[in-house]
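# below are the sequence and a predicted model; questions follow.
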Amino acid sequence: MSEKKHHSHHFHHHKEVKPAGEMTKKDYEKQVKHHKHLEHVGKLGAVAAVTVARHEKHMAKKDPENAHKHKIKEEIAATVAVGSIGFAIHEHHQKKEAKKEKQSAFGKKHHLF
């Protein structure tokens, strides 16, 4: 009997990276674009988490009966915001590294003006 494995496609899959000697200029550009996209996702996540934290802080003042619950949610959202910022910074550095690799492999682009 042959059993087929079913894989969930809900999460990001890491693509196999080609060795530096086999990468084309387009591969490097895709890598830079990928890290730029993930950097933006991290920034967006940070903005969303800060928004939730501020909302929960407001709700803690507005709803004193459940203030403790709102303060806990506020702290969780603030922690998520810090994590998202860290992720965005990490991706920014990955993007810079990918740009450096592209320049070292293909030379720097020269502009006339």
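Noted; the coordinates are in hand.
# show me what counts as buried in the longest helix belonging to the chain.
With secondary structure taken from DSSP state H, the chain has its longest helix at helix 67-106. Of all the residues in helix 67-106, those buried under the rule 16 or more other C-beta atoms under 10 Å are 70, 73-74, 77-78, 80-81, 84-85, 87-88, 91-92, 94-95, 98-99, 102. All C-beta atoms are positioned from the backbone trio N, CA, C, and that covers glycine.
# quick one: low-confidence ranges for this structure?
Per-residue confidence for the chain (pLDDT under 70) gives these ranges: 1-17, 20, 109-113.
# again, 50 this time
Within the chain, no range satisfies pLDDT under 50.
# quick revisit: packing partners of the longest helix of the chain?
In this structure, helix 67-106 packs against helix 25-62, with contacts taken as 3 or more C-beta pairs under 8 Å, 6 or more residues apart in numbering; DSSP states H and E.
# list the buried residues for the helix it packs on?
Of the residues in helix 25-62, those buried under the neighbour-count criterion (16+ other C-beta under 10 Å) are 28, 31-32, 35-36, 38-39, 42-43, 45-46, 49-50, 52-53, 56-57, 59-60.
# now residue 43: closest residue in space, sequence neighbours ignored.
Once its chain neighbours are removed from consideration, residue 43 has its nearest residue in residue 88; the separation is 4.9 Å (C-beta to C-beta, 6 or more residues apart in numbering).
# so the one you found versus residue 41, what's the distance?
8 Å (C-beta to C-beta, to the nearest Å).
# residues near residue 108, how many?
8 (other C-beta atoms under 10 Å).
# next: residue 19.
Other residues within reach of residue 19 by the criterion other C-beta under 10 Å amount to 6.
# how far away is the residue lying closest to residue 90 once chain neighbours are set aside from residue 57?
Spatially, and ignoring its direct neighbours in sequence, residue 90 is nearest to residue 42 (7.8 Å; C-beta to C-beta, 6+ apart). Here residue 42 is placed at a distance of 23 Å from residue 57 (C-beta to C-beta).
# one more: residue 47?
For residue 47, the distance to residue 57 - C-beta to C-beta - is 16 Å.
# check residue 84 too.
18 Å.
# which residues are contacting stretch 39-57?
In this structure, residues lying in contact with stretch 39-57 by C-beta atoms under 8 Å, 6 or more residues apart in numbering are 70-71, 73-75, 77-78, 80-81, 84-92, 95.
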